[in-house]
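1. how does the following fold in three dimensions:
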Amino acid sequence: MSSKNFLKWGGTILVLLAVLGFLVPALQQTGTSFYLTSAENWAHLILGLVALAAATWMTNSQSQKWLVALVGIIALYFGVWGFVVAGNPAPNYMGVTNLETADNLLHLVVGIWALWAAFGDTS
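-> So this is what the prediction gives:
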């Protein structure tokens, strides 16, 4: 998968996740295995829109590659750090949002996917 395709797919998924988080009250309930805080919803929406804009208007493939690599590093950070703060009361990440196991695993998958898109695609 190319970096551009990662930005398109990842951006679309993030925007949809944000919209679901805003519109489905059950996803905002603490204590469940996966819930989305308002801060997470806004972060997902903004990051998704930035990714879609970068896929559309950033025409330099090297710039897209390094943007996707940065996304991968950030996602891996949240995936790993989420396990570090797992025992803390919610919101366990800097008092802003909560990182639970489902979030952590999702962030790890996205991080690996992004790095593969940035560096694994040789076409």
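2. how about the longest helix anywhere in the chain: buried residues?
-> With secondary structure taken from DSSP state H, the chain has its longest helix at helix 61-84. For helix 61-84, burial by neighbour count (16 or more other CB atoms under 10 Å) applies to 64-65, 67-69, 71-72, 75-76, 78-79, 81-82. C-beta here means a position set from N, CA and C on the backbone, and glycine is covered the same way.
3. can you redo those residues as a markdown table with pLDDT and distance to Leu16?
-> Compiled in a markdown table, those are given as follows (pLDDT from 0 to 100; distance: CB to CB, whole Å):
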| residue | pLDDT | distance to Leu16 |
| --- | --- | --- |
| Gln64 | 95 | 21 |
| Lys65 | 95 | 24 |
| Leu67 | 96 | 20 |
| Val68 | 96 | 19 |
| Ala69 | 97 | 24 |
| Val71 | 94 | 17 |
| Gly72 | 96 | 20 |
| Ala75 | 94 | 17 |
| Leu76 | 96 | 22 |
| Phe78 | 91 | 19 |
| Gly79 | 92 | 20 |
| Trp81 | 93 | 25 |
| Gly82 | 89 | 21 |
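4. nearest spatial neighbour of Glu40, skipping sequence neighbours?
-> Distances taken as CB to CB, 6 or more residues apart in numbering place Thr97 nearest to Glu40, at 5.1 Å, with adjacent residues excluded.
5. quick check: Ser63 vs Trp57, distance?
-> 11 Å (CB to CB, to the nearest Å).
6. circling back to that earlier point, which one of the buried residues of helix 61-84 sits closest to His107?
-> If you rank the buried residues of helix 61-84 by distance to His107 using CB to CB, Gly79 comes first, at 3.5 Å.
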